[in-house]
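Peer 1: Return a 3D structure for these sequence lines:
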Amino acid sequence: MLSFTDFSNKIIMDLNKRFSEVIMEGNHLVVKFGPTSMSIPFNTMYKEYQSRKDYRETLKSYSRIFNDILSQYKFKIDYKNVYPMLKSRDFRERENNIQFYREQAFADIDTLYVTDAGEVFRFVLNSDDVDFEKVRKRAWENLNKITNPLVKLDKMLDIFCLKYSTDYNSTLLLSTTLQKQIYKKVGQEYLFAIPSSTTLIVAKLRPEYIKIIESLIMIDNDPNKVSNKVYQHKDGKFDIASV
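Peer 2: Numbering: from 1, shown residues only. Below you'll find the predicted structure:
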């Protein structure tokens, strides 16, 4: 019988041979296939393995489940659940026959769009039969409905993060609602970092804060990485911060 750690390492390795990418996010296993991804509680998988006492059968069973859901998922846009998402410019650019619908956001960051159906998470493609203007409009409207307060990381420093963890925290940087918060707390010129989808760091525009932010980027453990750079908003423009 494999331990919890040995089972997780082995099944992630084996599933990565069958799907685009398989990673752990907290207590959930996330399986990606092309533009679509899904997640399930990992404890459920391990309990089934303990019940079966057969690793091969457990792997076979879950491979079939993931394949059935991901490969047979017929995409239909749900404008109530479409959102923008910031990603690095080279994010999955080498995917065979898959062209993600993307727009330049700033510096080396692009905006992609996703539909969030809970268990199934799917990026919008150039080849999709959708109204792209409506996708953009509704996505930003939906993002602006998300509220998340900026809180200080340390009472002695003017460095902030978002209080609640969501898949759209990095993209909230560009929301009208959060921009108002940023202007109020640190001013219209500021430093920021988006190390992963769930993490946004904002600080006053002070050179001494750059090294601190870089250290915060290094300890971010979300596997959905966006950028390891520190950026700045100055003179109304977003760019990579200069020391």
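
Peer 1: Let me know the next secondary structure element after the least confident helix or strand in the chain by mean pLDDT.
Peer 2: Lowest on mean pLDDT, DSSP states H and E among the helices and strands of the chain sits strand 120-123, with a mean of 81. Later in the chain than strand 120-123, the nearest helix or strand by DSSP states H and E is helix 132-143.

Peer 1: Quick check: buried residues in that next one?
Peer 2: Of the residues in helix 132-143, those scored as buried under the neighbour-count criterion (16 or more other Cβ atoms under 10 Å) are Val135, Arg136, Arg138, Ala139, Trp140, Asn142, Leu143. C-betas here are computed from N, CA, C, even on glycine.

Peer 1: what's the pLDDT at the first one?
Peer 2: What the model reports as pLDDT for Val135 is 94.

Peer 1: My guess is it contacts Ile77. True?
Peer 2: Yes. Counting by Cβ atoms under 8 Å, Val135 does reach Ile77; the two are 7.0 Å apart.

Peer 1: which residues do those two both contact?
Peer 2: The contact sets of Val135 and Ile77 overlap at Val124 (Cβ atoms under 8 Å, 6 or more residues apart in numbering).

Peer 1: tell me the centre residue of this protein?
Peer 2: Ser197 (3.2 Å; Cα atoms, centre = their mean).

Peer 1: wait, isn't that residue in contact with Ser165?
Peer 2: No. Counting by Cβ under 8 Å, Ser197 sits too far from Ser165 to count as a contact (9.7 Å).

Peer 1: Outline the domain layout of the chain.
Peer 2: Per automatic domain parsing, the structural domains of the chain span 4-71, 79-143, 150-240.

Peer 1: Any regions of the chain where pLDDT drops low?
Peer 2: Counting by pLDDT under 70, the ranges of the chain that qualify are 71-75, 94-97, 118-119, 243.
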